[in-house]
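S.K.: Below: sequence and its predicted model.
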Number of protein chains: 2
Amino acid sequence: MSALQHLGELRDPKTSATSQPQLEIAGLAASANVRRYKSGETIFVEGDAAPYCYQVVTGVVKEYNTLEDGRRQVADFYGIGELFGISELDEQLHTAEAIADCAVRCYPRDSLLHAVSVSPELSHQFLDTLMTRLHHARERMVMLGRMSAMQRVAAFLIRLSSQQCRTDNIQLAMSRQDIADHLGLTIETVCRALTELRKKDVIIMPSARVFSIPDDEILDEIAHGSSAAH
Amino acid sequence: MSALQHLGELRDPKTSATSQPQLEIAGLAASANVRRYKSGETIFVEGDAAPYCYQVVTGVVKEYNTLEDGRRQVADFYGIGELFGISELDEQLHTAEAIADCAVRCYPRDSLLHAVSVSPELSHQFLDTLMTRLHHARERMVMLGRMSAMQRVAAFLIRLSSQQCRTDNIQLAMSRQDIADHLGLTIETVCRALTELRKKDVIIMPSARVFSIPDDEILDEIAHGSSAAH
DNA sequence: CGTGCAATTGAAAGTACTCAAGCCACGTGG
DNA sequence: CCACGTGGCTTGAGTACTTTCAATTGCACG
């Protein structure tokens, strides 16, 4: 099976379910407190000391890096239950920002890592999360390295649809700029791809941040098929 | 500090040393046997059952995915001591191939994962390896998503130079095609970038598979500086 | 009903790709 | 010993796609 096909597999419970840690990490809830952030607020900055690891309770968070010239690469978006701000060093590797109003649980990094290393249960679960995340990172590398703009946008919409478990009125929590920065494109190219999908009736967009997929096979075909999608 | 700068940090012992597991995993050496592969031989194929995890004893291995149209994305190259063939599922996510004559240690996957989950020591080490790998995967996403062909090639040469701890007569274990597939470029584009670097005396290439870096600051500048590198 | 930001569209420019051919080192066989 | 064939690497010309720059539209808000 090819890497491209994997991109559609988020829908598959066996890959996605295991990457969702439980909503509260056993034995650590006591030492963790919850913070709230408004949409657009920064949670931490690349290079910061990293005393905590974080878990989304409510809302959506993005992690990104900024290049010298101001361009960004969005590493990932995190929804309810997902961990972020994890690194092997004691400094943050990304900047994290709320893209919707958020509640975020903060686990002391040392406690979390210690708890993980002494509990076989937690260890297994955490390893699984990391391996799944690495897996997805590599699928994204295929996307960034080998897929056309249209294919990237189509694959991104498919991923959102599978995450929200629906093909109707799917919410786009992030801006066009965030999507572009995630897919390695410019905002204009994202717009043009969306416009083309709309014109071909592959997607329906009642407003700029909501869409539906009438026939997900057509979208799949665009995401996985020939790169010449005109 | 930006993600781009991280790309040069492989030279830094604090990031690279921790990602190297010891040469034999304690308590598992008994159940692991060593296999040998000639350059070009396939070790396992994407989708295969994954009864083992592997560790390079000698030589160099690449892991890659093949797309429907035959193009490839090389996920990574692995040198002495590095683990590969790791996934959260019990099937291989990539195809692995020796790009030089290799000796490879095979650990039964279940034993390895079990050993890791019950030993705090191993658990910590394995987590560290995975987090570092995720970190590097994300740096590569920045590269694939945001850097020009010339920047990608320059960054790749810098990485090789730091891995081999030298700036003289650095070996290119992999073919131009492998480099192209790793960087998300075509073989021709890689050639042109190398030719340009040679013409500008940024690198010296006594032969196609060996190069030296007279002044690594210039190369750094090309990798991290303005994308207009003409 | 302006203001301001996000999203969209258009036109021109540029970068990397495709296709095609030439080059080079190496191994084989006459 | 040299012609020949092979595979990997390099170069050239034309093309296609994405970006850049610029302008317009749409929408929420005071």
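M.R.: Thanks, I have the structure now.
S.K.: how about the helices in chain A?
M.R.: With DSSP state H as the criterion, chain A has helices at A:3-7, A:13-16, A:109-118, A:120-146, A:149-163, A:176-183, A:187-199, A:216-224.
S.K.: I'd like to check which residues are in contact with the residue of chain A positioned farthest from its centre.
M.R.: Distance from the centre of chain A peaks at residue A:118, with 28.7 Å (CA atoms, centre = their mean). Counting by CB atoms under 8 Å, 6 or more residues apart in numbering or on different chains, residue A:118 touches residue B:120. C-beta here means a position set from N, CA and C on the backbone, and glycine is covered the same way.
S.K.: quick one: which of the helices of chain A is nearest residue A:50?
M.R.: Comparison of the helices of chain A against residue A:50 by CB to CB identifies helix A:109-118 as nearest, at 5.8 Å.
S.K.: between the closest one and helix B:120-146, how many degrees?
M.R.: Relative orientation of helix A:109-118 versus helix B:120-146 (axes from the mean of the first three to the mean of the last three CA atoms, to 10 degrees): 120 degrees.
S.K.: For helix A:109-118, what is the distance to the chain centroid?
M.R.: Chain-centre distance of helix A:109-118: 24 Å, with CA atoms, centre = their mean, to the nearest Å.
S.K.: Let me know how buried the closest residue to residue A:80 other than its chain neighbours is, in neighbour terms.
M.R.: Residue nearest to residue A:80 in three dimensions, not counting chain neighbours: residue A:56, with 5.5 Å by CB to CB, 6 or more residues apart in numbering or on different chains. Other residues lying near residue A:56 total 22 when counted by other CB atoms under 10 Å in any protein chain shown.
S.K.: hang on, residue A:56 packs against residue A:85?
M.R.: No. The pair residue A:56 / residue A:85 is not scored as a contact, 10.5 Å apart, by CB atoms under 8 Å.
S.K.: ok so, going back, ok, now which ones touch the residue nearest to residue A:80?
M.R.: Contact partners of residue A:56, counting by CB under 8 Å, 6+ apart, are A:78, A:79, A:80, A:81, A:82, A:84, A:102, A:103, A:104.
S.K.: Same question for residue A:191.
M.R.: residue A:176.
S.K.: Run a quick neighbour tally on residue A:161.
M.R.: Residue A:161 has 21 neighbours, counted by other CB under 10 Å.
S.K.: returning to that earlier point: just the contacts of residue A:56 now: which is nearest DNA strand D?
M.R.: Closest approach between the contacts of residue A:56 and DNA strand D, by CB to the nearest atom of the strand: residue A:102, at 18.0 Å.
S.K.: That closest one: what's it in contact with?
M.R.: A:36, A:37, A:38, A:39, A:43, A:56, A:57, A:58, A:59, A:60, A:61.
S.K.: try 10 Å this time
M.R.: Contacts for residue A:102 (CB atoms under 10 Å, 6 or more residues apart in numbering or on different chains) come out as A:34-39, A:41, A:43, A:54, A:56-61, A:78, A:80, A:96.
S.K.: Just the buried subset of these, written out for PyMOL, thanks.
M.R.: PyMOL command restricting the contacts of residue A:102 to the buried ones, with burial defined by 16 or more other CB atoms under 10 Å in any protein chain shown:
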select buried, chain A and resi 37+43+54+56+57+59+60+61+78+96
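S.K.: returning to that earlier point: for residue B:196, which of the helices of chain A is the nearest?
M.R.: helix A:120-146 (21.0 Å).
S.K.: about what we covered before: so for the residue farthest from the centre of chain A, what's the pLDDT?
M.R.: With respect to pLDDT, residue A:118 has a value of 89.
S.K.: Same question for the one 10 residues further on.
M.R.: The score at residue A:128 is 93. That number is its pLDDT.
S.K.: Then the one 5 residues further on?
M.R.: The model reports residue A:133 with a pLDDT of 96.
S.K.: hmm, back to that, quick check: neighbours shared by residue A:56 and residue A:85?
M.R.: Common neighbours of residue A:56 and residue A:85, counting by CB under 10 Å, 6+ apart, are A:78, A:104.
S.K.: So what sits opposite the residue lying closest to residue A:86 once chain neighbours are set aside in the bridge?
M.R.: Closest residue in space to residue A:86, ignoring its immediate chain neighbours: residue A:53 at 5.3 Å, by CB to CB, 6+ apart. Beta bridges link residue A:53 to residue A:107, judged by DSSP bridges.
S.K.: Looks like residue A:53 contacts residue A:90 (just checking).
M.R.: No. Using CB atoms under 10 Å as the test, residue A:53 is too far from residue A:90 to be in contact (11.1 Å).
S.K.: ok, these two, which is more surrounded?
M.R.: residue A:53 (23 against 11).
S.K.: which residues does the spatially most central residue of chain A contact?
M.R.: Chain A has residue A:77 as the residue nearest its centroid, 3.0 Å off, counting by CA atoms, centre = their mean. For residue A:77, the contacting residues are A:56, A:60-64, A:84, A:99, A:159-160, A:163, A:173-174, A:178-179, A:182, by CB under 10 Å, 6+ apart.
S.K.: which residues touch the residue nearest to residue A:167 when sequence neighbours are not counted?
M.R.: The spatial neighbour of residue A:167 that comes closest, neighbours along the chain excluded (CB to CB, 6+ apart), is residue A:213 at 4.4 Å. Counting by CB under 10 Å, 6+ apart, residue A:213 touches A:154, A:157-158, A:160-161, A:166-168, A:170, A:197, A:202-204, A:219-220.
S.K.: Out of those residues, which is nearest to chain B?
M.R.: In terms of CB to the nearest CB, no member of the contacts of residue A:213 lies closer to chain B than residue A:220, at 12.7 Å.
S.K.: pretty sure that closest one contacts residue A:155?
M.R.: Yes. Applying CB under 10 Å as the test, residue A:220 and residue A:155 come out as touching, 9.1 Å apart.
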